[in-house]
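Chemist: What would the 3D arrangement of this be:
(chains A, B, C and D)
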2 protein chains.
Amino acid sequence: MAAPAGAPALHVTDATPRSQVTPIRDCGTHCQTCSLRKLCLPVAFTSDELKQFDTLVVHRTKLRRYQSLYHTGESFHALYAIRFGSLKTVLLAEDGREQVMGYHMLGEIIGFDGIGSDRHCVGAIALESSELCALPFKSIENLAQVIPALQRNLHQMMGTQITRDQSAMLMLGSMHAEERLALFLLNLADRYRHRGYSSTEYELRMSRAEIGSHLGLTLETVSRIFNRFHREGLMHVQGRAVKLLDTVALKRIVVNRDSNPL
Amino acid sequence: MAAPAGAPALHVTDATPRSQVTPIRDCGTHCQTCSLRKLCLPVAFTSDELKQFDTLVVHRTKLRRYQSLYHTGESFHALYAIRFGSLKTVLLAEDGREQVMGYHMLGEIIGFDGIGSDRHCVGAIALESSELCALPFKSIENLAQVIPALQRNLHQMMGTQITRDQSAMLMLGSMHAEERLALFLLNLADRYRHRGYSSTEYELRMSRAEIGSHLGLTLETVSRIFNRFHREGLMHVQGRAVKLLDTVALKRIVVNRDSNPL
DNA sequence: CGACTAGTTGAGGCCAGTCAATGTTGGTGG
DNA sequence: CCACCAACATTGACTGGCCTCAACTAGTCG
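Modeler: Take a look at the predicted model:
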């Protein structure tokens, strides 16, 4: 992919409206009863620890489509757990270059990009109506001092983020357009399955341009290859609705035939 | 870049010899007196905390060129501080695809790739004779429970790794070959300067193929562009010895002219 | 010396980017 | 309901940057 010259509309403007904050008191949900707990907190907590953790969540945030949770350069103070909806994180460089770093769905935690420098190095933007729990990072750190399981969990999540980013580097550095898109589709499928949704039939929450930005491709290439997959019977595409028909073949595309001669 | 078909020799074989371990008792150095302390532990410790931290370093490891510190898939148990020398981390996928994830020099800490899954997802290989301090991660976590400054430091370093990986994604996803190489050279320059070495004149520790693998380019492209830079008077290249002559122009290449019309 | 590795250079081809025209969809207001 | 519009998506023609293949040079080591 080349210089983004005309800069596709990825909705990363500083004019993006700020988010609404709802004090915790107003909503009846707590970590103890939250259906996403297994995703947010995979490590086993005692019920007492869980109660303590619950006190971290000082407010919830509601976002409408294209609203920003935080902007590039903004000072960092919290991680966010996605209760429902989905977001993208976008790296916006000084020279105007921008790229989608990741897509995030319910049960995932975002905001790790701010830990290194106390400022967010990417922006987070809702792709649809979403709701998040804010977890002040200072409080997490304090609580992690006394709850080893929380410390473990935090490190695990940061480590997973590192692993994920490095896989993305492999994708961007050494895969063909077809391979990237097959991987992208399978990756989403996995995450939907893990959440109990259909892994073969789902709705893309992002435009072709946004997919391209994430994969280092142009929107035209994304469109062309989706339709090639469609023609070849690997999937069905109709706008943003996709249905994977031959995941085995898609997987075979990802681990491409010619590279592994055995 | 395409499928690595013939697989360039990046020395990522399982036959790579294992590292030598020297018990701490044998070497007279301690964190308190280590010249790299400012790089390893940027956060202010009390001398008592430092003494406690020192007990973490249970052994040192010496590596010769192309020796592995750890392999992909190996179980994770320690971070490593580089005392001298340099290493590369290489992601090796199941399908044989491989890519250099990063180059690491003295004063840097590596091994974060193993935290997410308790196994290393990349391999670490010495580019020259190197020496490292092993810091068992369990011990770090334990000590971080009682020394908040250490906890801060650990989180900061993991966060920095995340930020760095995301910058690499931007590079791989949206930069031209010339831009990637200019950025690579300037990046090394910065790191050398930060360590008190010349930032304009240094020796590359890796081959053209390894540089290419890191930047998502072929070795031929790397060679061609180095020589183009040379011809244009931006730098001097002679094998692995480089001398940056016009860093301003190199920086201008990175923040490329046509993308930012103002 | 020959074998081997690292690097350079050239010719040619292809994948994906660019530009541009057209189609599709969903929302709004008459 | 339809007309209209804007945003999104598709498709085609063309181009060019980088990959591929291959030949050659220089340096190193047994």
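Chemist: OK, contacts around A:E201?
Modeler: Applying Cβ atoms under 8 Å, 6 or more residues apart in numbering or on different chains, we find A:E201 in contact with A:A241, A:V242, A:K243, A:L244. (Glycine included, C-beta is placed from N, CA and C.)
Chemist: Give the PyMOL command for selecting the buried subset of those.
Modeler: Of those, the buried ones can be selected in PyMOL as follows, counting by 16 or more other Cβ atoms under 10 Å in any protein chain shown:
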select buried, chain A and resi 242+244
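Chemist: Now tabulate the contacts of A:E201 in TSV and tack on pLDDT and distance to B:I109.
Modeler: Converted to TSV, those look like this (pLDDT from 0 to 100; distance: Cβ to Cβ, whole Å):
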residue	pLDDT	distance to B:I109
A:A241	96	46
A:V242	96	41
A:K243	97	45
A:L244	97	41
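Chemist: Distance to chain B and secondary structure added to the contacts of A:E201, as a markdown table?
Modeler: Below are the contacts of A:E201 laid out as a markdown table (distance: Cβ to the nearest Cβ, whole Å; DSSP: H, G, I helix; E, B strand; the rest coil):
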| residue | distance to chain B | secondary structure |
| --- | --- | --- |
| A:A241 | 26 | strand |
| A:V242 | 22 | strand |
| A:K243 | 26 | strand |
| A:L244 | 20 | strand |
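Chemist: What residues does the stretch 101-250 of chain A have near DNA strand D?
Modeler: Residues of the stretch 101-250 of chain A that fall close to DNA strand D, judged by Cβ under 7 Å from any atom of the strand: A:207-209, A:219-220, A:222-224, A:226-227, A:237, A:239-240.
Chemist: Please repeat the previous calculation with a cut-off of 10 Å.
Modeler: Within the stretch 101-250 of chain A, the positions adjacent to DNA strand D are A:173-174, A:176, A:204, A:206-212, A:218-228, A:230-231, A:237-240, A:242 by Cβ under 10 Å from any atom of the strand.
Chemist: So which of those are in helices?
Modeler: Among those, the members found in helices (DSSP state H) are A:173-174, A:208-212, A:219-228, A:230-231.
Chemist: ok, which of these also contact chain B?
Modeler: Checking those against chain B by Cβ under 8 Å from any Cβ of the partner chain, the ones in range are A:G173, A:S174.
Chemist: Now, of the ones in helices among the residues of the stretch 101-250 of chain A next to DNA strand D, which are buried?
Modeler: Looks like those have A:173-174, A:208-212, A:221-223, A:225-226, A:230 buried, using 16+ other Cβ under 10 Å.
Chemist: and which of those is nearest to B:L63?
Modeler: A:G173 (25.2 Å; Cβ to Cβ).
Chemist: one step back: nearest to chain B, of the buried ones among the ones in helices among the residues of the stretch 101-250 of chain A next to DNA strand D?
Modeler: Set against chain B, the nearest of these by Cβ to the nearest Cβ is A:G173 (3.5 Å).
Chemist: Counting neighbours, what do you get for A:R119?
Modeler: By other Cβ atoms under 10 Å in any protein chain shown, the residues close to A:R119 number 16.
Chemist: How much space separates it from chain B?
Modeler: Distance, A:R119 to chain B, by Cβ to the nearest Cβ, to the nearest Å: 10 Å.
Chemist: Tell me the bridge partners for that residue.
Modeler: A:S75 (DSSP bridges).
Chemist: what sits against it?
Modeler: A:G73, A:E74, A:S75, A:F76.
Chemist: Let me see the ranges of the strands in the stretch 101-250 of chain A.
Modeler: Taking DSSP state E, counting those that start in this stretch to define them, one finds strands in the stretch 101-250 of chain A at A:109-110, A:123-126, A:130-136, A:201-203, A:235-238, A:241-244.
Chemist: For whichever residue of the stretch 1-150 of chain A sits closest to chain B, which non-adjacent residue is closest in space?
Modeler: Nearest residue of the stretch 1-150 of chain A to chain B: A:I115, at 2.9 Å (Cβ to the nearest Cβ). The shortest distance from A:I115 to any residue other than its chain neighbours is 2.9 Å, reached at B:G159 (Cβ to Cβ, 6 or more residues apart in numbering or on different chains).
Chemist: hang on, A:G212 packs against A:L219?
Modeler: Yes - taking contacts as Cβ atoms under 8 Å, A:G212 lies within contact range of A:L219: 4.6 Å.
Chemist: ok, now which ones touch the closest residue to A:D246 other than its chain neighbours?
Modeler: Take A:D246 and drop its neighbours on the chain: the residue closest to it by Cβ to Cβ, 6+ apart is A:L234, 4.8 Å away. By Cβ under 8 Å, 6+ apart, the contact set of A:L234 is A:L244, A:L245, A:D246, A:A249, A:L250.
Chemist: could you check the distance from A:L234 over to DNA strand D?
Modeler: Distance of A:L234 to DNA strand D, given as Cβ to the nearest atom of the strand, to the nearest Å: 14 Å.
Chemist: if we can go back for a sec, which one of the buried ones among the ones in helices among the residues of the stretch 101-250 of chain A next to DNA strand D is nearest to DNA strand C?
Modeler: A:T221 (3.3 Å; Cβ to the nearest atom of the strand).
Chemist: right, and the closest one touches A:A177 too?
Modeler: Yes - using Cβ under 8 Å, A:T221 makes contact with A:A177 at a distance of 5.3 Å.
Chemist: Of the contacts of A:L234, just the buried ones, ChimeraX syntax please.
Modeler: Command for ChimeraX that selects the buried part of the contacts of A:L234, burial taken from 16+ other Cβ under 10 Å:
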select /A:244,245,250
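Chemist: could I get the contacts of A:L234 as JSON lines with distance to B:N142?
Modeler: Shown next, in JSON lines, are the contacts of A:L234 (distance: Cβ to Cβ, whole Å):
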{"residue": "A:L244", "distance to B:N142": "45"}
{"residue": "A:L245", "distance to B:N142": "51"}
{"residue": "A:D246", "distance to B:N142": "49"}
{"residue": "A:A249", "distance to B:N142": "48"}
{"residue": "A:L250", "distance to B:N142": "44"}
